[in-house]
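S.K.: Let's see this in three dimensions:
(one chain, ligands or ions: 1)
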Amino acid sequence: MKFSVATLLVSSAVSMTSAFVPASTRTSPFALKGGMSEDVGLPCEDDCAIEKYPNLPESIHPGVLSGQAMMDLLEHAKQNGYAIPAVNCVSSSGINACLEAARANDAPIIIQFSSGGSQFYGGKGLDNSGYRAAIAGAVSGAFHVRTMAEQYGVPVILHTDHCSKQLLPWVDGLIAASERYFVSHGEPLFSSHMIDLSEEPLEENLEICKDYLKRMDKIGLLLEMELGITGGEEDGVDNSDRPIEDLYSKPEEIYQTYEELSKVSNKFTVAAAFGNVHGVYKPGNVKLEPEILNNAQEYITEKLGDKAPADKKPVMFVFHGGSGSDVSDIQKSLGYGVIKMNIDTDTQWSYWEGIKNFEAKYHDYLQGQIGNPEGEDKPNKKYYDPRECMRAAEVNTVKRLETAFADLKCQNILGLGQAEEAKNVLGPRRGGLPV
Ligand SMILES: [Zn+2]
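M.R.: From the prediction side, this is the model:
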């Protein structure tokens, strides 16, 4: 069964009642048959058309991954000691910078939306009662990522970030969108969602997560859950005055989580607390202790006995609040089973810094529609065209992400080699200033 995007968007208003086909993702390695490129009538060319990445398992293909293909990629990261950068995006421009950076680094990437970022994607002028704007915004972003990831030829995990108890209706809306998408495409719209109930008692956190995991596993979605507290402040949640001991997870808690969630599915990751803090602050009295993750892996391996995996790293960990961390601490955590690191603050800065530098460089051409140092009647249209400062922001972000890919040892993963220079891009005369 195959719908065009337009039909799909209309049909998504109808609730899905038919029974699910058991969870499976694309079984064919020729992934883009049935991909978005077919939906939009843009046959794959170049990297988009490859059938298999030279260095990766067969299931992994250009475009958004879910189900087994996503698990194969995460397992590859764990086995090879790298983590995939997970970048918070709030616009199509930010997403494109991520895709460009992934291809430039010959690597996979995780693109994620926070609830606030999703709402922004839909537009702050739209009423958000019942999380309408946040749901529609994230779905819109998902279609953008799905369409463009294939064209850039990179594998992408499409994720949503922190979802507290009160925000659950937002993720409910997104899972429902994935269930509808599954009916027509055999895979979910998103790859994974985070549910962050670390504010709630552990038993309640686990009960709710298990219920969600049951529902999500049926269509190949992965659940990221949070244990303990990430310090600092992000997206309206302020943990900056929590007691220090709450910032470190205990091995017993991580084991209990692993045991409970494993009963439902293996499609989960754990954001454990090891002194990580959201945002960049002056060094304080919270210290990053990646060994906590290693201790937990050893503790769980011992508990599992014969059932422990050969690599003795049963848990896939996610690193939140890594901005400003020492590279040595980041890289230590990679050996302890961290396969995803969130990046928000540093790319917020790089995007802004690109605009700041652009404004400084062309300041005298940006003070009015007409008139600059070359003459009172000279037009400035080509300077204030928003594409110019946004492209400067993108270029600076691609550069910052290269550092992230390097820090996380996530370079030259796909085996495609260097990206070809983009051709037929409109030059300076048609609206493009040197950045
Ligand atoms: Zn976080």
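
S.K.: correct me, but Leu414 touches Ala104?
M.R.: No: taking contacts as C-beta atoms under 8 Å, Leu414 lies outside contact range of Ala104: 11.5 Å. Just so you know, the C-beta spots here come from the backbone N, C-alpha and C atoms, and that holds for glycine as well.

S.K.: Compare those two (neighbour count), which wins?
M.R.: When neighbours are counted by other C-beta atoms under 10 Å, Leu414 and Ala104 differ, and Leu414 comes out ahead with 23 against 18.

S.K.: And the strands in the stretch 1-150 of the chain?
M.R.: Assigned by DSSP state E, counting those that start in this stretch, the strands in the stretch 1-150 of the chain fall at 63-64, 84-88, 109-113.

S.K.: Walk me through the domains of the chain.
M.R.: 48-234+242-352+386-418, 360-384 (automatic domain parsing).

S.K.: The first one: how far from the chain's middle?
M.R.: In this case it means domain 48-234+242-352+386-418. 5 Å (C-alpha atoms, centre = their mean, to the nearest Å).

S.K.: A strand includes Ser265, no?
M.R.: No: using DSSP: H, G, I helix; E, B strand; the rest coil, the assignment for Ser265 is coil, not a strand.

S.K.: Quick check: the spatially closest residue to it that is not a sequence neighbour vs Gln79, distance?
M.R.: Closest residue in space to Ser265, ignoring its immediate chain neighbours: Asp217 at 4.0 Å, by C-beta to C-beta, 6 or more residues apart in numbering. From Asp217 across to Gln79, the span is 23 Å (C-beta to C-beta, to the nearest Å).

S.K.: neighbour count winner among these two?
M.R.: Asp217 (18 against 12).

S.K.: what's the spacing between that one and His278?
M.R.: Taking C-beta to C-beta, one finds Asp217 at 29 Å from His278.

S.K.: Can you list the buried residues in stretch 390-401?
M.R.: Met390, Arg391, Ala392, Ala393, Glu394, Val395, Asn396, Thr397, Val398, Arg400, Leu401 (16 or more other C-beta atoms under 10 Å).

S.K.: Tell me how far the residue positioned nearest the centre of the chain lies from Gln151.
M.R.: When C-alpha atoms, centre = their mean is applied to the chain, the residue found nearest the centroid is Ile111 (2.7 Å). Distance of Ile111 to Gln151, given as C-beta to C-beta: 14 Å.

S.K.: just to revisit the earlier point, can you redo the strands of the stretch 1-150 of the chain as CSV with mean pLDDT and distance to Ala271?
M.R.: Shown next, in CSV, are the strands of the stretch 1-150 of the chain (pLDDT from 0 to 100; distance: least, C-beta to C-beta, whole Å):
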stretch, mean pLDDT, distance to Ala271
strand 63-64, 97, 21
strand 84-88, 98, 11
strand 109-113, 98, 12
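
S.K.: Dump the ones you listed to JSON lines, plus distance to Ala136.
M.R.: As requested, the strands of the stretch 1-150 of the chain are exported to JSON lines (distance: least, C-beta to C-beta, whole Å):
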{"stretch": "strand 63-64", "distance to Ala136": "19"}
{"stretch": "strand 84-88", "distance to Ala136": "18"}
{"stretch": "strand 109-113", "distance to Ala136": "12"}
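
S.K.: burial of the spatially closest residue to Ser91 that is not a sequence neighbour, as a residue count?
M.R.: For Ser91, ignoring the flanking residues on the chain, the nearest one in space by C-beta to C-beta, 6+ apart is Tyr121 at 6.8 Å. For Tyr121, the neighbour count with other C-beta under 10 Å is 24.

S.K.: who's in contact with stretch 300-312?
M.R.: Contact with stretch 300-312 is made by Lys78, Gln79, Pro251, Ile254, Tyr255, Tyr258, Gln297, Glu298, Lys313, Pro314, Val315, as judged by C-beta atoms under 8 Å, 6 or more residues apart in numbering.

S.K.: at 6 Å instead, please
M.R.: Applying C-beta atoms under 6 Å, 6 or more residues apart in numbering, the external contacts of stretch 300-312 come out as Tyr255, Tyr258, Pro314.

S.K.: ok, and the most crowded of these?
M.R.: Neighbour max across those (other C-beta under 10 Å) = Pro314, 21 neighbours.

S.K.: So that residue lies in a strand, does it not?
M.R.: No: applying three-state DSSP, one finds Pro314 to be coil, outside a strand.

S.K.: Got phi/psi on it?
M.R.: Main-chain torsions, Pro314, degrees, to the nearest 10: phi -70, psi -30.

S.K.: In contact with it, which residues?
M.R.: Contacts of Pro314 (C-beta under 6 Å, 6+ apart): Ile300.

S.K.: Any stretches of the stretch 1-150 of the chain with poor pLDDT?
M.R.: 1-34 (pLDDT under 70).

S.K.: Likewise for the stretch 201-350 of the chain?
M.R.: Looking at the stretch 201-350 of the chain by pLDDT under 70, you get 230-231, 233-245, 279-286.

S.K.: same thing but 90
M.R.: 228-248, 275-288, 321-326 (pLDDT under 90).

S.K.: Now do the helices in it.
M.R.: Secondary structure of the stretch 201-350 of the chain by DSSP state H, counting those that start in this stretch: the helices cover 202-217, 251-262, 291-304, 327-335, 345-361.

S.K.: need those helices in JSON lines with distance to Ser91, can you?
M.R.: Output for the helices of the stretch 201-350 of the chain, formatted as JSON lines (distance: least, C-beta to C-beta, whole Å):
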{"stretch": "helix 202-217", "distance to Ser91": "27"}
{"stretch": "helix 251-262", "distance to Ser91": "33"}
{"stretch": "helix 291-304", "distance to Ser91": "33"}
{"stretch": "helix 327-335", "distance to Ser91": "27"}
{"stretch": "helix 345-361", "distance to Ser91": "9"}
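
S.K.: Can you tell me which of those is nearest to Gly117?
M.R.: helix 345-361 (10.6 Å; C-beta to C-beta).

S.K.: I'd like the next helix or strand past the closest one.
M.R.: strand 370-372 (DSSP states H and E).
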